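[1] okay, predicted coordinates and the sequence, questions at the end:
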Amino acid sequence: MGLGALLRNTAAAITTFVGVFFVLPPLTQLLPESWSGFVPYLPSEAGSALWGTTTSDNPLSPGAGLAVLCAYTVAVIALAAWRIRRSDA
């Protein structure tokens with residue numbers, strides 16, 4: 001709902017969701033090892049840490065995975081609220 005409110009287009013919200021969760025993680029494997037420091041903090045990797053299905057190279061604990069997912073949620077909803085307030089004022 002946050003992406004839908006932020007982007008104001010259902011197709012764009014679904015495309016962004018699919019891209020972030022299913023397209024971005026495999027593409028990060030093409031990056032050099034020195035650039036891949038952000039990979040454990042992607043939403044899909046944080047969710048894997050939350051459910052305990054992480055590999056040994058993911059440094060997130062289940063609690064940290066939950067915190068990362070909550071941070072993403074708060075950020076998207078805050079941006080959506082800002083956009084709605086700004087454009088519908």
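    Right, received. Where do you want to start?
[2] ok, and what's touching the helix or strand of the chain with the lowest mean pLDDT?
    Taking all helices and strands of the chain together, the one with the lowest average confidence (mean pLDDT, DSSP states H and E) is helix 43-51, at a mean of 86. In this structure, residues lying in contact with helix 43-51 by C-beta atoms under 8 Å, 6 or more residues apart in numbering are 20-22, 24-25, 39-40, 54, 58, 60-62, 64-66, 68-69, 72. No exception for glycine: its C-beta is placed from N, CA and C like everyone else's.
[3] now list the buried members of those residues.
    Val39, Pro40, Thr54, Asn58, Leu60, Ala64, Gly65, Val68, Tyr72 (16 or more other C-beta atoms under 10 Å).
[4] in helices, which of those fall?
    Cross-referencing the buried ones among the contacts of helix 43-51 with the helices (criterion: DSSP state H) gives Ala64, Gly65, Val68, Tyr72 as the overlap.
[5] okay, the third one: pLDDT?
    This means Val68. The pLDDT attached to Val68 in the predicted structure is 93.
[6] with the one 5 residues further on instead?
    Reading off the per-residue confidence, Thr73 sits at a pLDDT of 94.
[7] my guess is it contacts Gly2. True?
    Yes: taking C-beta atoms under 8 Å as the definition, Thr73 is a contact partner of Gly2 at 6.9 Å.
[8] compare the two (neighbour count), which wins?
    Gly2 (17 against 12; other C-beta atoms under 10 Å).
[9] the more buried one touches Val76, doesn't it?
    Yes: with contact defined as C-beta under 8 Å, Gly2 reaches Val76; the gap is 3.8 Å.
[10] any weak-confidence spans in this structure?
    Along the chain, the parts satisfying pLDDT under 70 run over 53-57, 89.
[11] now the buried ones among the contacts of helix 43-51 in TSV, with distance to Asn9?
    As requested, those are arranged in TSV below (distance: C-beta to C-beta, whole Å):
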residue	distance to Asn9
Val39	28
Pro40	30
Thr54	34
Asn58	33
Leu60	32
Ala64	32
Gly65	29
Val68	26
Tyr72	20
